[in-house]
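Trainee: The following comprises the amino acid sequence and a computationally predicted model.
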Amino acid sequence: MRVARFYAPGDIRLEDMPEPAPGPGEVKIRVRACSTCGTDVKISRFGHHHIDPPRVMGHEIAGEVTELGEGVEGWSPGDRVQVIAAIPCGQCEFCARGSMTICPNQVSMGYHFDGGFAEHMIVPRQVLAVDGLNRIPEGVSFAEASVAEPFACAINAQNLARVGEGDVVVVIGSGPIGCLHVRLARARGASKVFLVELSRERLDMAASIVQPDAAIASSEEDAVARVRELTGGRGADVVITAAASGAAQEQAFAMIARQGRVSFFGGLPKDQPTITLDSNLVHYQELTIVGANGSSPQHNKEALGLIASGAVPVADLITHRLGLDEVLDAIGIVQRGEAIKVTIEP
């Protein structure tokens, strides 16, 4: 079978390898869609400390069950499934209290286990142990189901930031995650959703699809002043920084309303992890700052349900569909910001 394997930064190889066989507690699937993301770009350029190469990449996975390992129950060949990316242990104190996203023993598809840039793959027993193999609802395509994983991360973030009815929400960053945040905030009852992006070209591409209440190109105008203007000087109830930018995080505090919530969704580069923050703003204006780290199995199920119901459509966010032999092209497209979502269909 064909796979795309990471060997070293700048060395991803399209090659043939034998089809895997499921062991006890495992499930083999025929991969039908595996979407790409900015993390794939980072791995391709810099590697990752959790990856012991060679490793088949890809972690936004949907496919069809083809074979069951010994002891697996409740699944049958032909079942359409989506696979979680981040796998909690299900046993530690954090998992026991329902905080699976911060499990210190978490492992991941495409990092610790071979991922979805392959024709066939094994869903490890660790995924099944935490109920992380999800049935794709009827009417949801494999490609749409593959977007459930990043969408689940957005759900986790908006739960933590308490996005809800009547909120004015600003999303900084117009990539696929930013687009998902816009649509999810609207589905949760936000009164206004504004999208901020440095690149005019990227902003226009995203805004034409998700239709925010205002699209603000921060390279052309003062985004803080524009948000203040749009809110009558009050500011936004929630600002989500869906970009790996310290400047965006600092900017969030200049456009937030009193008692507002700031979500640090995008992590910062390891060599520049700090920002300047006037803590008196947090103190006197009673601001809340929340992080967001991935998603839980339950978030993935919720994402599939929202896609199936039509509450949060994702099909039109998939702007490019490429074959497995075009993985390197797909990563390049993502790196250059030429797409919203690129899906590989092996």
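Mentor: Now that the structure is in, tell me what you want to look at. Only a predicted model underlies this, so the values are computations on that prediction, with no experimental measurement involved.

Trainee: for Glu144, helix, strand, or coil?
Mentor: Secondary structure assignment for Glu144 (DSSP: H, G, I helix; E, B strand; the rest coil): helix.

Trainee: got a list of what it touches?
Mentor: The neighbourhood of Glu144, defined by Cβ atoms under 8 Å, 6 or more residues apart in numbering, consists of 307, 314-315, 318. (Glycine included, C-beta is placed from N, CA and C.)

Trainee: What are the boundaries of the helices in this structure?
Mentor: Assigned helices in the chain, in chain order: 38-46, 93-96, 125-129, 142-146, 148-160, 176-187, 200-210, 223-230, 246-252, 279-285, 297-309, 327-336 (criterion: DSSP state H).

Trainee: Can you select the buried ones among the contacts of Glu144 for me in PyMOL?
Mentor: Buried residues within the contacts of Glu144, by 16 or more other Cβ atoms under 10 Å, are selected in PyMOL with:
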select buried, resi 307+314+318
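
Trainee: mind listing which of the contacts of Glu144 are in strands?
Mentor: When the contacts of Glu144 are checked against strands using DSSP state E, the ones located there are Ile318.

Trainee: of the contacts of Glu144, closest to Val3?
Mentor: Distance to Val3, by Cβ to Cβ, is smallest for Ile318 among the contacts of Glu144, at 22.0 Å.

Trainee: ok, the closest one - contacts?
Mentor: By Cβ under 8 Å, 6+ apart, the contact set of Ile318 is 35, 143-144, 147, 340-343.

Trainee: And for Val182?
Mentor: 171, 193, 195, 210, 212.

Trainee: again with Gly132
Mentor: Residues in contact with Gly132 (Cβ under 8 Å, 6+ apart) are 83-84, 87, 297, 300.

Trainee: Turn the residues you listed into a markdown table, columns for distance to Gly23 and neighbour count.
Mentor: Putting the contacts of Gly132 into a markdown table (distance: Cβ to Cβ, whole Å; neighbours: other Cβ atoms under 10 Å) gives the following:
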| residue | distance to Gly23 | neighbour count |
| --- | --- | --- |
| Val83 | 16 | 30 |
| Ile84 | 19 | 30 |
| Ile87 | 16 | 25 |
| Pro297 | 21 | 20 |
| Asn300 | 23 | 27 |
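
Trainee: Format the residues you listed as CSV; extra columns: distance to Glu73.
Mentor: Output for the contacts of Gly132, formatted as CSV (distance: Cβ to Cβ, whole Å):
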residue, distance to Glu73
Val83, 18
Ile84, 19
Ile87, 20
Pro297, 18
Asn300, 21
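
Trainee: Of the residues you listed, which pair is most distant in space?
Mentor: By the measure Cβ to Cβ, Ile87 and Asn300 form the most distant pair in those, at 11.1 Å.

Trainee: circling back: only the buried subset of the contacts of Val182, as a ChimeraX command please.
Mentor: The ChimeraX selection below is limited to those of the contacts of Val182 classed as buried (16+ other Cβ under 10 Å):
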select :171,193,195,210,212
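
Trainee: What pLDDT is listed against the residue nearest to Gly90 when sequence neighbours are not counted?
Mentor: If you skip the residues right next to it in sequence, Gly90 has Val130 as its closest partner in space, 4.4 Å away by Cβ to Cβ, 6 or more residues apart in numbering. The pLDDT attached to Val130 in the predicted structure is 98.

Trainee: now swap in Pro269 and tell me
Mentor: As predicted, Pro269 sits at a pLDDT of 86.

Trainee: ok, so what distance separates the nearest residue to Val227 once chain neighbours are set aside from Gly164?
Mentor: Beyond its immediate neighbours in the sequence, the residue positioned closest to Val227 (Cβ to Cβ, 6+ apart) is Met255, lying 4.2 Å away. Counting by Cβ to Cβ, to the nearest Å, the gap between Met255 and Gly164 amounts to 19 Å.
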